[in-house]
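[1] Curious how this folds, go ahead:
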Amino acid sequence: MSAARHRPWRQPAEEHAMARLVTIAAAQLGPIARNDSRSHVVERLIAHLREARRMGCDLVVFPELALTTFFPRWYMTNQIEIDSFFERSMPGPETQPLFNEAKRLSLGFYIGYAELTPEGQHFNTSILVGKDGQLIGKYRKVHLPGHREHDPARRFQHLEKRYFDLSDTGFKVWRGFGGVLGMAICNDRRWPETYRVMGLQGAEMILLGYNTPVHNPPAPDHDDLSLFHNQLVMQAGAYQNGCWVIGVAKAGNEEGVPMIGGSQIIAPSGVTVAATRGDGDEMAVACCDLDACASYKSTTFNFAVHRMPQHYGLIVERKGAEPPP
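    This next block holds a predicted model:
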């Protein structure tokens, strides 16, 4: 496990004492096999927690679907088999050790997982947990990519629309770690509305896990640009909303499907200040000054002064593009 540590701003001592600093670990995971047990995966997550504690972190950010392999790559019809990838409670018997260790270490964490509710709904979910082990917030993925039915022309499937219900949470923010934090998951990062809705709620940091194949079957000409696009959208979201963005991958060759890494911590300037180098279990660490958001939120992106929402109606009135006649 390697780590990159970066302190993007050094303040005078008298200012440093007043600063709202949060040291973040972007805790990337390598592949998870289909037959890996939850207990084995939790051991890997706990190893990240302990390394993060040694590095003085406050908050550890894990990927999307961090407890299992990325199961939407397979077409399944047996509901029992499908449900085996979902968590019926969080924490549950197999994930309780993660919560116990995080609380013992006084570490907060974000983690993505597949959630099965008591009502039988299936969500692609993430949660934010405080240093005291208490739940701060829950988010359910808004932008479900892929397709619903089996496509025999694809080398692997991307059936999130089949296995997950649409979000019933939308984009919210919560107070925690001295600031205002939001959450998103994977494909959400490609949509500017994701960041802007949270930006309009004063988000200072957005936590975002992803599982992204290198190969895009409907558009293979995008494959060589996968890492560039990943960085582009998160940097733009950070800069245009004056907030930190923490993007964390599950990466590597997982069940024959290569997935991108590129986990990174992005400042409100849009500059990546720490990043992973490989596609295995690895951490990037940075001390993030939440007060660095202010110079962007109060100048170039002072929404109250410069936004013109009276001209943005099409964004919510129209779903698909319609060229003029």
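
[2] Roughly how far does the most centrally placed residue in the chain sit from Phe62?
    When CA atoms, centre = their mean is applied to the chain, the residue found nearest the centroid is Leu208 (1.6 Å). Counting by CB to CB, to the nearest Å, the separation of Leu208 from Phe62 is 11 Å. C-beta coordinates here come from the backbone N, C-alpha and C atoms, glycine included.

[3] Which neighbours do these two have in common?
    Residues touching both Leu208 and Phe62 (CB atoms under 8 Å, 6 or more residues apart in numbering): Val248.

[4] which SSE is the residue nearest to the centre of the chain in?
    Following DSSP states H and E, the helix or strand that holds Leu208 is strand 205-210.

[5] From the contact counts, what lies against that strand?
    Of the remaining helices and strands, those touching strand 205-210 by 3 or more CB pairs under 8 Å, 6 or more residues apart in numbering; DSSP states H and E are strand 59-61, strand 108-116, strand 122-129, strand 179-185, helix 226-241, strand 244-249.

[6] Let me have those in CSV, extended by distance to Pro268, mean neighbour count and mean pLDDT.
    Converted to CSV, these look like this (distance: least, CB to CB, whole Å; neighbours: other CB atoms under 10 Å; pLDDT from 0 to 100):
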stretch, distance to Pro268, mean neighbour count, mean pLDDT
strand 59-61, 17, 27, 99
strand 108-116, 19, 24, 99
strand 122-129, 20, 24, 99
strand 179-185, 12, 26, 99
helix 226-241, 6, 19, 98
strand 244-249, 6, 28, 99
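
[7] Export the ones you listed to TSV and append columns for distance to Ala102.
    Formatted as TSV, the helices and strands packed on strand 205-210 follow (distance: least, CB to CB, whole Å):
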stretch	distance to Ala102
strand 59-61	8
strand 108-116	5
strand 122-129	7
strand 179-185	16
helix 226-241	25
strand 244-249	16
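
[8] Distance check, the residue located most distally from the centre of the chain against Val271.
    Ranking residues of the chain by C-alpha distance from their mean position (CA atoms, centre = their mean) puts Pro325 at the top, at 39.8 Å. Distance check for Pro325 against Val271: by CB to CB, it reads 44 Å.

[9] One more: Phe164?
    33 Å.

[10] More neighbours: which of those two?
    Ranked by neighbour count (other CB atoms under 10 Å), Phe164 and Val271 place Phe164 first, with 21 against 12.

[11] Give me the phi and psi for the closest residue to Met183 other than its chain neighbours.
    Distance criterion CB to CB, 6 or more residues apart in numbering; nearest residue to Met183, sequence neighbours excluded, is Tyr139 at 4.0 Å. Main-chain torsions, Tyr139, degrees, to the nearest 10: phi -130, psi 140.

[12] who's Tyr139 bridged to?
    Tyr139 has these beta-bridge partners by DSSP bridges: Ser126.

[13] Would you check that it makes contact with Thr169?
    Yes: under the criterion of CB atoms under 8 Å, Tyr139 makes contact with Thr169 at 5.5 Å.

[14] what residue ranges in the protein are flagged as low confidence?
    Residues of the chain meeting the criterion pLDDT under 70: 1-18.

[15] can you pull out the helices in it?
    Taking DSSP state H, the helices of the chain run over residues 13-16, 38-54, 79-83, 96-105, 160-163, 192-199, 226-241, 294-297, 303-306, 314-317.
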